[in-house]
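Undergrad: pasting a predicted model and its sequence here:
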Amino acid sequence: MAKCIWICSRQPFPRTVEEKITNICNSISPDNITPREPQINIGSDIAYGIMNPTNTILTHGNSLMLGKLIGDNDRWHEPGTDFPEGIYALFRDGEGFCEIITDTVATRTIWYYHDENLFVASTSQRAIILYLGGFEFDDRVIPWMLSTGSLGPTLSWDKRIKRVPPDTSVILDKKNWTISINQIPVEFVETKISDTDHEKYMREVLDATFESIKFDFNDWILPLSGGYDSRGILCLLKSKDNADGIRTITWGLKTSLENKTNDAYVATQLAKKLNVPHMYFCNDITQEPAELLINRFLINGEGRVDHVGGYMDGFQIWKHLYESNIQGIIRGDEGFGWTEVLSPLDVRKCVGFTICNDYSNLKDFLSQSSQSQDIPPLLGHKDGETFSTWRDRLYHTDRISTILAALSDLKLSYVEIVNPLLTRKIVYQVRRLPDHLRTLKVLYKKTVISMSPDVPFATVGANAENSGVLKLRQVVDLVKNDITSDTALGLFPPEFINDVVSNLKVLDQTQLRNERKESTASFKAVAKKLLPSGLKNLVKTKVLPAPALDYNIIAFRMYIIMRMRRLLTEGHF
């Protein structure tokens, strides 16, 4: 429910610093709620502000933790001590050093800036930009936003700001005013034991973790889908003594409740079977102007990700949870493994780590714009590494911290978020598994099935699809107006703009519903279900030419780039 800015200064703070931090906290708050008063702390060399603070926050002197610690750790606030177990963004201060720390997979992003007088860290890029003043656009984000719908693996909108990687601490030596970085590498090393023993040890780690997590279910609620991840959490919580009062929610389109294979329907049946109170929220598109809805999406998420489809209700779900005094949600983000892969391209595509050259209609962008798009060496394929291991290493190193963390960021102004399946012990246990137990999440699925009541698993999502929402007339008109402006010519080649605009599609609500039904029942969709995974991947990677990315998605990503550049330059939203 909170975002923060945390500053260490070599010089005394000006008298106006409290007012400045308060204004920053107010500026990064959502426009559809009345947030709590910011929590401000001004010390001799440390100052911080917390936007919309909640009772889940820990403080100790100048040290600050957003998220949730798991188990007992009396020294969580001391720089240089072990990284605690939990899901958090952690800011620690001591006499000679201060330190910022991400959790095992950086479920919550921390950004930082360092110069000869200031060390500024925050869970918000905008907060740092507002504190520093000015804005220095980093055009290296452009190809990454176009190809992935995100800022890419390391970048910020502002070239002065850096992102803290997963499982990393950034330490400031206050005396020398130098920083050092301690990053624990992401390593998958198989433990050579039987599958039965792997299953046993994974279950032990899951049980121990959920035994250690303490929730007051007056404050916390569990979003429940019809799949494996949140179902596993619910079953694990129900098996413990501390699950009294647990409640679940699901959200999606109103029509999703009619489909028995859908998340919405299945989650309702599962909650009923487990005798858990359950609510369903409809997030159909509201009648508010598209510009207002998308602007709110950009404010809350700082334009880090393009997944706008689930937020076209104007964040009404999150407003309701906040105003109902729900402190946090227990999410099912996980890293147990992913789909089958046969090639390097297949690996990158399945985790959303694509580059412009992977798409036929983005290939020319780099040459036309004279920009480059380089994969960081740490994320490349290692010698001797299987494609399956590379896939999951990319998922742990990049997808969670780049895409899933950005999706969490959209909600963190309203509620706190905890991802218990991404705690250190569970993640490290996953990295000991052989490929065949991670691929398709085989071991985790088997574990969930062993705990679950006899309720089918969903095969269809409940939310509006991103590509569909971006074909609505009001969205197309809004996006088209921006990407055909004179400003666009300073960011994108004219040939590229013309190609995108000439290929935009417009559908009304009825056409969108029909398109969704047709895509589910199409020959292609049926074939995907019937063909063996290996053959599907072979056809995809060896037979088909480079695919074209949906032009409406490209146009929306162009819009995000333009809009964020303008808004951050102006300094307000």
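TA: Arrived safely.
Undergrad: residue ranges with poor pLDDT in this structure?
TA: Within the chain, the ranges that satisfy pLDDT under 70 run 1, 241-242, 509-544, 572-573.
Undergrad: same for the longest helix along it, what does it pack against?
TA: Using DSSP state H, we find that the single longest helix of the chain is helix 551-570. On a contact count with 3 or more Cβ pairs under 8 Å, 6 or more residues apart in numbering; DSSP states H and E, helix 551-570 meets helix 141-148, helix 290-301, helix 466-469, helix 473-483, helix 486-489, helix 494-502. The C-beta positions use only the backbone N, C-alpha and C, and glycine is treated the same way.
Undergrad: how about those in JSON lines, adding mean neighbour count and distance to Pro420?
TA: Shown next, in JSON lines, are the helices and strands packed on helix 551-570 (neighbours: other Cβ atoms under 10 Å; distance: least, Cβ to Cβ, whole Å):
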{"stretch": "helix 141-148", "mean neighbour count": "24", "distance to Pro420": "27"}
{"stretch": "helix 290-301", "mean neighbour count": "19", "distance to Pro420": "23"}
{"stretch": "helix 466-469", "mean neighbour count": "20", "distance to Pro420": "27"}
{"stretch": "helix 473-483", "mean neighbour count": "18", "distance to Pro420": "36"}
{"stretch": "helix 486-489", "mean neighbour count": "13", "distance to Pro420": "44"}
{"stretch": "helix 494-502", "mean neighbour count": "15", "distance to Pro420": "41"}
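Undergrad: which of these sits closest to His60?
TA: Across those, His60 has its closest neighbour in helix 290-301 (29.0 Å, Cβ to Cβ).
Undergrad: so this structure: which segments form each domain?
TA: 195-337+420-451, 466-570 (automatic domain parsing).
Undergrad: ok, back up a step: now render the helices and strands packed on helix 551-570 as CSV, adding distance to Leu549.
TA: Formatted as CSV, those follow (distance: least, Cβ to Cβ, whole Å):
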stretch, distance to Leu549
helix 141-148, 8
helix 290-301, 20
helix 466-469, 10
helix 473-483, 15
helix 486-489, 18
helix 494-502, 10
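Undergrad: helix, strand or coil for Thr255?
TA: helix (DSSP: H, G, I helix; E, B strand; the rest coil).
Undergrad: what about it, neighbour count?
TA: As a burial measure, Thr255 scores 15 neighbours (other Cβ atoms under 10 Å).
Undergrad: from Ile417, how far off is it?
TA: 27 Å (Cβ to Cβ, to the nearest Å).
Undergrad: try Trp6
TA: Per Cβ to Cβ, Trp6 is found 19 Å from Ile417.
Undergrad: of the two, who's got more company?
TA: Trp6 (29 against 24).
Undergrad: quick one: which helix or strand includes that one?
TA: strand 3-9 (DSSP states H and E).
Undergrad: swap in Cys235?
TA: helix 229-238.
Undergrad: after that helix comes which helix or strand?
TA: Past helix 229-238, the next helix or strand by DSSP H and E is strand 248-252.
Undergrad: contacts for that following strand, please.
TA: 221-225, 234, 262-264, 267-268, 271, 276-283, 310, 317, 461-463 (Cβ atoms under 8 Å, 6 or more residues apart in numbering).
Undergrad: what do you get for stretch 36-50?
TA: 2-10, 12-13, 17-18, 21-22, 24-26, 51-54, 57, 59, 61-62, 64, 66, 91, 93, 98, 174.
Undergrad: if you compare the domains of the chain, which one is most tucked away?
TA: domain 195-337+420-451 (a mean of 19; mean count of other Cβ atoms under 10 Å).
Undergrad: any idea how far that domain is from the chain center?
TA: 13 Å (Cα atoms, centre = their mean, to the nearest Å).
Undergrad: so Gln373 lies in a helix, does it not?
TA: No. If the criterion is three-state DSSP, then Gln373 is coil and not within a helix.
Undergrad: distance of it from Phe365?
TA: Gln373 is 9 Å from Phe365, by Cβ to Cβ.
Undergrad: what do the two both touch?
TA: 143, 356.
Undergrad: who has more neighbours, the two?
TA: Shown here are Gln373 and Phe365; by other Cβ under 10 Å, Phe365 has more neighbours (24 against 17).
Undergrad: need the residues that contact the helix or strand harbouring that one.
TA: Per DSSP H and E, Phe365 falls inside helix 363-369. With Cβ under 8 Å, 6+ apart as the test, helix 363-369 has contacts from 142-143, 146, 356-357, 371-373, 492-493, 495-496, 546.
Undergrad: for it, the distance to its chain's centre please.
TA: 28 Å.
Undergrad: which parts of the stretch 401-550 of the chain are helices?
TA: Assigned by DSSP state H, counting those that start in this stretch, the helices in the stretch 401-550 of the chain fall at 405-411, 424-430, 435-438, 442-451, 466-469, 473-483, 486-489, 494-502, 509-521, 523-530, 533-538.
Undergrad: check the stretch 101-250 of the chain too.
TA: Going by DSSP H, counting those that start in this stretch, the stretch 101-250 of the chain shows helices at 125-132, 141-148, 195-212, 229-238.
Undergrad: could you do the stretch 251-400 of the chain as well?
TA: Using DSSP H, counting those that start in this stretch, helices in the stretch 251-400 of the chain cover 263-273, 290-301, 316-323, 344-350, 363-369, 387-394.
Undergrad: which helices and strands sit right next to the longest one?
TA: Helices and strands in packing contact with helix 290-301 are listed as helix 405-411, helix 473-483, helix 551-570; criterion 3+ Cβ pairs under 8 Å, 6+ apart.
Undergrad: what's the closest of the ones you listed to Ser150?
TA: helix 405-411 (6.2 Å).
Undergrad: now that closest one - C-alpha only, CSV.
TA: Extracted C-alpha coordinates of helix 405-411, given in CSV (Å, rounded to 0.1, in the frame of the first residue of the first chain):
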residue,chain,number,x,y,z
ALA,A,405,7.4,-6.4,-10.4
ALA,A,406,6.0,-3.7,-12.8
LEU,A,407,2.5,-5.3,-12.5
SER,A,408,2.8,-5.2,-8.7
ASP,A,409,3.8,-1.6,-8.9
LEU,A,410,0.4,-0.8,-10.5
LYS,A,411,-1.3,-2.0,-7.3
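Undergrad: so what secondary structure elements neighbour it?
TA: Helix 405-411 packs on helix 290-301, going by 3+ Cβ pairs under 8 Å, 6+ apart.
Undergrad: can you redo the helices and strands packed on helix 290-301 as JSON lines with distance to Gly301?
TA: Putting the helices and strands packed on helix 290-301 into JSON lines (distance: least, Cβ to Cβ, whole Å) gives the following:
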{"stretch": "helix 405-411", "distance to Gly301": "4"}
{"stretch": "helix 473-483", "distance to Gly301": "17"}
{"stretch": "helix 551-570", "distance to Gly301": "10"}
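Undergrad: so which of the ones you listed comes closest to Ser388?
TA: helix 405-411 (23.4 Å).
Undergrad: and that closest one, how far out from the chain's middle?
TA: Worked out by Cα atoms, centre = their mean, helix 405-411 lies 5 Å from the chain centre.
Undergrad: report the buried residues of it.
TA: 405-411 (16 or more other Cβ atoms under 10 Å).
Undergrad: now list the buried members of the contacts of stretch 36-50.
TA: Here, 16+ other Cβ under 10 Å leaves 2-9, 13, 17-18, 21, 24-25, 51-54, 57, 62, 64, 66, 91, 93, 98, 174 buried among the contacts of stretch 36-50.
Undergrad: one step back: and the strand holding Trp6, C-alpha only, in CSV?
TA: The C-alpha atoms that make up strand 3-9 are tabulated as CSV, following Å, rounded to 0.1, in the frame of the first residue of the first chain:
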residue,chain,number,x,y,z
LYS,A,3,5.8,3.6,-2.0
CYS,A,4,8.8,5.5,-0.5
ILE,A,5,11.7,7.7,-1.1
TRP,A,6,14.8,7.4,1.1
ILE,A,7,17.7,9.9,1.0
CYS,A,8,21.2,10.0,2.4
SER,A,9,22.8,13.4,2.1
